[in-house]
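K.L.:
I'll drop the sequence and a predicted model, then ask my questions.
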Amino acid sequence: MDIMTILGLMLGIGAILLGNILDGGHTESLVIFTAFLIVFGGTLGAVMVETSAGVFIQSIKRMRWMLTPPAIDSKATIAKIVKWSQTARKEGLLSLQYIADSEPDEFSRTGLQMLADGSEPESIRSALEIEIAMTEHKDMLAAKVFESFGGYAPTIGIIGAVLGLIHVMNNLSDPATLGSGIAVAFVATIYGVGMANLIFLPMAKKLKTIIRAQSHHREMIVDGVVLIAEGESHREIERILQGYLRYE
């Protein structure tokens, strides 16, 4: 579990609420359902207009990465690749078929399968790099959905503020309704700006970081698999792949 996401949200929201209380405000004054409905509903609608169904569903699936990002252990992966190279040297490339059948990582399994099939090194690199590029592109589109949320939310918050002020202007003869109208106006703005800068935009940036790290890890696997196909020794493969650890 990514504790930084939880701590960040708690600190960001907590600091705002605490500052409001210390300034003499009341927390319940910030809880207005109509303002939330205008901002979140309006923002969701705008994003749905902009996004295809497939990309929107993909973005919902990728939300879980905020709390449980995919595990990336480069040292363990290098050790695994070195073991594959030793097996290939001793028993031949065809022996990697048995390893592929039990490999849990789908990307690694594809590389092992191509090795066992006797594919040329350049063919292996080309096929796996295309898979990396397409997967990254698909996941980046999902991350950009949250950028869209962050872009639309403040504007929809302003719309909510204007609606609240219109309500106030239409009821100037009834002083009892003025307070609620003004409250909706200002709280809608807070919701729009707060959602964008505390939730949506940080989510988009964090997802992009995770996606790039995953692509970087897969590039290391591609190099390892290609080196095996080229017949490099396991010591040379380990030495080359260790270079990836310098950037982590």
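P.N.:
Received, thanks.

K.L.:
what ranges do the helices span in this protein?
P.N.:
3-22, 33-36, 42-50, 53-62, 74-91, 96-102, 106-116, 121-170, 178-194, 201-229, 234-241 (DSSP state H).

K.L.:
And the worst-scoring helix or strand of the chain on mean pLDDT, what does it pack against?
P.N.:
When each helix and strand of the chain is scored by mean pLDDT, DSSP states H and E, helix 178-194 comes last, with a mean of 82. Helix 178-194 is packed against helix 33-36, helix 121-170, with contacts defined by 3 or more Cβ pairs under 8 Å, 6 or more residues apart in numbering; DSSP states H and E. To be clear about C-beta, it is placed using only N, CA and C from the backbone, and glycine gets the same treatment.

K.L.:
and the nearest residue to Phe149 once chain neighbours are set aside, what is it in contact with?
P.N.:
Once flanking residues are discounted, Phe149 sits nearest to Phe200: 3.9 Å by Cβ to Cβ, 6 or more residues apart in numbering. The contact partners of Phe200, by Cβ atoms under 8 Å, 6 or more residues apart in numbering, come to 146-147, 149-150, 153.

K.L.:
domain assignment for the protein?
P.N.:
Domain assignment of the chain by automatic domain parsing yields the ranges 1-29, 32-65+72-247.

K.L.:
circling back: and the helices of the chain as a markdown table, adding mean neighbour count and distance to Thr68?
P.N.:
Below are these laid out as a markdown table (neighbours: other Cβ atoms under 10 Å; distance: least, Cβ to Cβ, whole Å):
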| stretch | mean neighbour count | distance to Thr68 |
| --- | --- | --- |
| helix 3-22 | 12 | 10 |
| helix 33-36 | 16 | 27 |
| helix 42-50 | 16 | 24 |
| helix 53-62 | 14 | 11 |
| helix 74-91 | 16 | 18 |
| helix 96-102 | 15 | 24 |
| helix 106-116 | 20 | 18 |
| helix 121-170 | 18 | 15 |
| helix 178-194 | 19 | 25 |
| helix 201-229 | 19 | 11 |
| helix 234-241 | 16 | 26 |
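
K.L.:
I am finished for the moment; much appreciated.
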